[in-house]
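K.L.:
Got a sequence here, can you build the structure:
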Amino acid sequence: MASSDSVTTCLSPAVHYVICELGFEKKDIYDINNIVSENGEVCWQAITEHVCYLESDQSVDYIKSIRALGPVCESVNLHFKSLTKEKFAVQYALWFHWTNYAELFLEVFDVLQYAQSTEVALGLMKLTSCLERALGDVHLLIGKDCPFLLRDLLASEQLAVVFGQVVMDVLRIFVGSPCGLNLRNVLWHGFASPQEIPAKYCAMLLFLTAGLGQLLQTYLLQTKYVLVHRPYVTFIRLEDLDAFPDLNHETLSVAEELLQVSNFVLRTMLPFWMAALTAFKQSRYADCVILLLPQLEAGLRLLFTTTNKCPNRLLTAESSAFYTTFDEMLTKYLDNEEINQLPSVLEEPAMEFLWDFLNHQEGPRIRDHLSHGEINLKAFPREIANQLMAFAITLLRRFSNEDMVAFKEHLIIKPLMNCASCYRSRFHPISRLKKQVLECMKSICLWHELPSVSEEHIQTVEGLEGNTEASTLVLKMAEIHSQLQQYLPCNFCSADDPMNTVATERLLLELCDRHICTLYSPRPVLEVVVVLRKISTQCHQVSEQVIASIKSRYQQWTEKTLRSRQRHNYLRMLNSIKFLSPVLQLILVLITLELVNVHLVCKKNPSDYHQYLKFLKSVLQYTENLVTYTSPEKNKWDETIQLTNKALLKIRKFSDRKLTLLQSAT
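P.N.:
The predicted model follows:
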């Protein structure tokens, strides 16, 4: 890996000039009283008159506009420095309420008083994400779908209607356009070092946010609209994220030492890393992750450009080209269709972790949610910060100088390295299916604990006496299970009762523990997994409905509140679950065996693949019908017998033709 000491900036010459020099060329001094009134009212004309447009198409001339607005930003910055926090709050606090996080903007004001570069950059990242979220809420006043990208949001007609086109042009000069300062992107993607972000631009965005609040109030008064804030994204089941042990002070101290010797850290970015560690120690977990994510991206970009021999992509791209970001670095192929070498260097566990935390739709997608202002920063979970920091420490160690044996064998670092090396995806569809199967099986296991009436009562129901259909279905399932026997692990012998929930659960646990490659899964694999997941979901729904119905009906039975027809229906239900439990178990075993062999689907020819999908969808149709028949509204328990009989015949027929994936594996 190339030495990180040799990199002095990640801004291309043109971008460096725009951010660090262009806005300082004009030395004019503007009277702040012409820009803002004594009570804090923003005079937009004093700002918009500096926006320049190209003669050719009347689009914004970003270079001239940045140059012209430079002195205005300086005046605003000096104005804020002259105010006490109390005076600032009196004049401006009211105008930040539309963002749904007014306290943040008061914090940014505090930061500007000291102008510590790392804190200014952090404040700017938080400000831009919060501003984007608030602008999205405004967009939804008159629009339906909010654009995902900030640049599209700022270019929307809806915001131009509310604030005015020239005001939106001002905003796009600072954020949202690669032709402008593009402050949000160069910071969130880890291109700008702390000293490369002028504090006056942070001050100006703080000022503009207050001005937007004033314009919005006027619009709301005129239209009688009410601004509604979308709820924040919340992270549920945080235990799913638990891959690394809890970090303690000793581990963080070792991490500080690693920062000084790791090639993963760009020297110019070291203050960000140190600030992230400090934030973690101070329990400021949102700040920690906001600081850490861009540095993970910067370090991986250095590794990416080195391994793929494209050093020019380390720098910010010009407005005519794409940046090299997480999205590009985690793909299988480069834009020239050559194989991306980064995955082979990082290795599969690290790639799986990155995909889990950043990309997979069912994962936390932490960078997207944070950078777009979708997370409540005041209640950011420690668990996520702990996992990302622990992962970052493993990368610091892996890409340190090889002679750092002390770190390699350090008792503090070794457990983290072990966890990193055996990481498996938790949020890929394949991983989610495994979890679904096991949760469904746990639900089915609860059936044995449910209260029930005696067998004698069941046999008294007219039409059930001598009924052998349920027993016949169980025999058919046993035959199919016998066919599957040769494909099961050797420790699951034929002597095991195939309908025993304990044995089935043990089998599913073993199958789900098998490693299945998830990285860059081909489309046919994903298509099959989608259907298998739907089948599992329906099975779980059936189980939950059965549990709820049995509990409810048994209580009514004991309280003698069931009418005659309801009593008969209840007893029919109890008769039906004799085969429903085994059939659900059989389906779970089948789909899990198919999952274990899912990559073999790529070897099927188009015709066989079509037939295979058709078969899976027929199983899905059966489970969907089961959900309907076992619902409290339908209660068609007798009909489930005929339904199950047809489904078992289809499964047996397809299995006899040896078209399943598990049969292809032999």
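
K.L.:
Residue 44: what's it in contact with?
P.N.:
The contact partners of residue 44, by CB atoms under 8 Å, 6 or more residues apart in numbering, come to 164, 167, 211, 215. C-beta here means a position set from N, CA and C on the backbone, and glycine is covered the same way.

K.L.:
Which of those sits closest to residue 295?
P.N.:
The nearest member of the contacts of residue 44 to residue 295, counting by CB to CB, is residue 211 at 32.3 Å.

K.L.:
where's the closest one relative to residue 178, distance?
P.N.:
Applying CB to CB, to the nearest Å, the value for residue 211 to residue 178 is 24 Å.

K.L.:
Looking at these two, which has the bigger crowd around it?
P.N.:
Using other CB atoms under 10 Å, the more surrounded residue of residue 211 and residue 178 is residue 211, with 22 against 19.

K.L.:
can I assume the more buried one sits in a helix?
P.N.:
Yes. Assessed with DSSP: H, G, I helix; E, B strand; the rest coil, residue 211 lies in a helix.

K.L.:
Is it correct that it is in contact with residue 95?
P.N.:
Yes. At 7.5 Å, residue 211 counts as touching residue 95 under the criterion of CB atoms under 8 Å.

K.L.:
neighbour-wise, which of the contacts of residue 44 leads?
P.N.:
For the contacts of residue 44, neighbours were counted by other CB under 10 Å; the highest total belongs to residue 211, with 22 neighbours.

K.L.:
ok, back up a step: among the contacts of residue 44, which two are most distant?
P.N.:
164 and 211 (11.0 Å).

K.L.:
if we can go back for a sec, list the residues that contact both of residue 211 and residue 95?
P.N.:
Common neighbours of residue 211 and residue 95 (CB under 8 Å, 6+ apart) do not exist.

K.L.:
For residue 380, see how far away residue 28 is.
P.N.:
42 Å.

K.L.:
which of the two has more neighbours?
P.N.:
Using other CB under 10 Å as the criterion, residue 28 and residue 380 rank with residue 380 on top: 21 against 10.

K.L.:
so what's that one up against?
P.N.:
Contact partners of residue 380, counting by CB under 8 Å, 6+ apart, are 285, 286, 289.

K.L.:
Please report phi then psi for the closest residue to residue 400 other than its chain neighbours.
P.N.:
Closest residue to residue 400 apart from its sequence neighbours, by CB to CB, 6 or more residues apart in numbering: residue 262 at 4.6 Å. Residue 262 adopts backbone torsions of phi -80, psi 130, taken as degrees, to the nearest 10.

K.L.:
Same question for residue 615.
P.N.:
The phi/psi pair for residue 615 (degrees, to the nearest 10) reads phi -60, psi -50.

K.L.:
Give me the spatial nearest neighbour of it, chain neighbours excluded.
P.N.:
Closest residue to residue 615 apart from its sequence neighbours, by CB to CB, 6+ apart: residue 654 at 4.9 Å.

K.L.:
how much space is there between residue 269 and residue 196?
P.N.:
Residue 269 is 10 Å from residue 196, where distance means CB to CB.

K.L.:
who's more crowded, these two?
P.N.:
residue 269 (25 against 19).

K.L.:
Of the contacts of residue 380, which is the most crowded?
P.N.:
Neighbour count (other CB under 10 Å) singles out residue 289 as the most crowded of these, with 25 neighbours.

K.L.:
and the strand or helix carrying it, what other elements does it pack with?
P.N.:
Using DSSP states H and E, residue 289 falls within helix 285-307. If you count contacts as 3 or more CB pairs under 8 Å, 6 or more residues apart in numbering; DSSP states H and E, helix 285-307 packs onto helix 117-142, helix 183-188, helix 270-281, helix 326-329, helix 342-346, helix 366-371, helix 382-398.

K.L.:
Take the second one, keep the C-alpha atoms, and write them as CSV.
P.N.:
C-alpha atoms of helix 183-188 as CSV (Å, rounded to 0.1, in the frame of the first residue of the first chain):
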residue,chain,number,x,y,z
LEU,A,183,-19.1,21.5,0.7
ARG,A,184,-21.4,18.7,1.8
ASN,A,185,-20.0,16.2,-0.6
VAL,A,186,-16.3,17.0,-0.2
LEU,A,187,-16.7,16.6,3.6
TRP,A,188,-19.0,13.6,3.7
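
K.L.:
any idea of the mean pLDDT in the helix holding residue 289?
P.N.:
The predicted model gives helix 285-307 an average pLDDT of 96.

K.L.:
any idea of the angle that helix forms with helix 270-281?
P.N.:
Relative orientation of helix 285-307 versus helix 270-281 (axes from the mean of the first three to the mean of the last three CA atoms, to 10 degrees): 140 degrees.

K.L.:
ok, back up a step: per-stretch mean pLDDT over the helices and strands packed on helix 285-307, give me the minimum one.
P.N.:
Among the helices and strands packed on helix 285-307, helix 326-329 carries the lowest mean pLDDT, a mean of 90.

K.L.:
Tell me which residues are up against that one.
P.N.:
By CB under 8 Å, 6+ apart, the list of residues contacting helix 326-329 from outside reads 297, 300-301, 304, 322, 334-335, 340, 342, 354, 358-359, 367.

K.L.:
Give me the buried subset of the residues you listed.
P.N.:
Neighbour counting by 16 or more other CB atoms under 10 Å classes 297, 300, 301, 304, 334, 340, 342, 354, 358, 359, 367 among the contacts of helix 326-329 as buried.

K.L.:
what's the spacing between the third one and residue 190?
P.N.:
Here residue 301 is placed at a distance of 7 Å from residue 190 (CB to CB).

K.L.:
can you list residues touching both of these two?
P.N.:
residue 10.

K.L.:
count of neighbours near residue 584?
P.N.:
The tally of other residues near residue 584 (other CB under 10 Å) stands at 25.
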